[in-house]
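Let me see the structure of the following:
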Amino acid sequence: MSWTKVFEKGFFLHRNPRPKIYINTRFKTSLIAVEVQKNKGYDIAFAGWLAPVTFSPHGNIYGSWKRLYFKQIQQFHLQPQELAGSLEVIPKLWYPNITVRIWESDLVKYNSDEIIPRLIRIEKKIDDISDYGR
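From the prediction side, this is the model:
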């Protein structure tokens, strides 16, 4: 499996109002990797959150929030409904500058119409093996 960098940007957050960090990239697969790097701030490992967001006329609709940490590249599996929108990085308030990098995997995205028949076939083979010799 290989990875392709799809986003890299530094953000100056030490101003009022604090800017929102939206990543409006359409991902080809549901497996992404995220790295958050700080330039200054307290020496704490917790960076903030990664939140899938969909914009609607009535406000933002958020998916499940995922915790982000400094000094590591984290892998996340996005659900199909989370791939339809954007991502928002929500850093903690005491970090004035951060850099966000995002990669996506080269795995082929399978839809459920392809996976379910394969799983049924595998399940049948397992049943055949477990019944062998009875």
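
give me the element the spatially most central residue of the chain is part of.
By Cα atoms, centre = their mean, the chain has its centre lying nearest to Phe76, at 4.3 Å. In this structure, Phe76 sits in strand 73-77 according to DSSP states H and E.

That strand - what's its average pLDDT?
For strand 73-77, mean pLDDT is 91.

Send over the helix or strand just after it as CSV, restricted to the C-alpha atoms.
Counting by DSSP H and E, the element after strand 73-77 in chain order, helix or strand, is helix 80-83. Written as CSV, here are the backbone C-alpha positions of helix 80-83 (Å, rounded to 0.1, in the frame of the first residue of the first chain):
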residue,chain,number,x,y,z
PRO,A,80,-19.2,6.7,3.2
GLN,A,81,-21.4,9.6,4.5
GLU,A,82,-18.3,11.3,5.9
LEU,A,83,-16.6,11.2,2.5
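
Would you mind listing the buried residues in helix 80-83?
Glu82, Leu83 (16 or more other Cβ atoms under 10 Å). Quick note: C-beta positions are derived from backbone N, CA and C, even for glycine.

How about the secondary structure of Arg121?
helix (DSSP: H, G, I helix; E, B strand; the rest coil).

Quickly note the distance from it to Ile129.
According to Cβ to Cβ, to the nearest Å, Arg121 and Ile129 sit 13 Å apart.

show me where pLDDT drops low in this protein?
For the chain, applying pLDDT under 70 flags the ranges 1, 40-43, 108-116, 132-134.

who touches the strand holding Phe76?
By Cβ atoms under 8 Å, 6 or more residues apart in numbering, the surrounding residues in contact with strand 73-77 are Ser30, Leu31, Ile32, Ala33, Val34, Glu35, Leu50, Lys66, Leu68, Trp103.

try stretch 36-49
Here stretch 36-49 makes contact (Cβ under 8 Å, 6+ apart) with 10, 65-71, 89-92, 94-101.

Perfect, that will be all.
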